[in-house]
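Participant: Sequence and computational prediction follow.
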Amino acid sequence: MTHTTGALIGVLFLSAAEVNHLKPSFQNYEGKAEMWLICPRYTLADIGLTTLLERLNVLGLEDRYWGRTKRPCLAGYWERARQRQSYKQGTPSVLFHMKTLLQGITYLSL
C-alpha cells in the first residue's frame, strides 16, 4: 500500500467515524455522560481510532484532517482521549521521537 492510498483510507475512516458514530453519540449524550466512539466505556474501537489520530498528530497532520473547524466532534474526542491516563502512559513522548530522529533508529530496529 502506498502512502497516498494509506492517507486516503485514513481520511475516509475519519469521515465515517465522525458522521456515523461521533456526531450521533455526542448529540444523544451531550451533557449527560462521557461518550466514546461506541458507548460510554473506552473500548478497543477507541484504542484503534486514538492510535490513528496519534500517528496523524505526530506527522503534523492534525489541523489538516480534524482541526476544530473541520471536524469539531473529532477534535473534542481527540482532546478527551489525550487526557486519559492510559494515553499519557502509553504514548511515546516528544523527547522519544526527537531522540529517534537524531539517532536514526527506526521502529523496526527496536
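Facilitator: Yep, that arrived.
Participant: show me where this protein has strands.
Facilitator: Counting by DSSP state E, the chain yields no residue ranges for strands.
Participant: Okay, helices next: where are they in it?
Facilitator: In the chain, the helices defined using DSSP state H lie at 3-17, 23-29, 44-58, 62-66, 72-83, 85-90, 94-103.
Participant: Could you point out which residue ranges in this structure have low pLDDT?
Facilitator: 1-33, 105-110 (pLDDT under 70).
Participant: From residue 66, how far out is residue 83?
Facilitator: Using Cβ to Cβ, to the nearest Å, residue 83 is found at 16 Å from residue 66. All C-beta spots, glycine's among them, are computed from the backbone N, C-alpha and C.
Participant: An error on my part: the question was meant for residue 91.
Facilitator: Counting by Cβ to Cβ - residue 91 and residue 66 are separated by 17 Å.
Participant: try residue 75
Facilitator: Here the criterion is Cβ to Cβ. By it, residue 75 lies 5 Å from residue 66.
Participant: So those two - more neighbours on which side?
Facilitator: Neighbours per residue, other Cβ atoms under 10 Å: of residue 75 and residue 66, the larger number sits with residue 66, 25 against 20.
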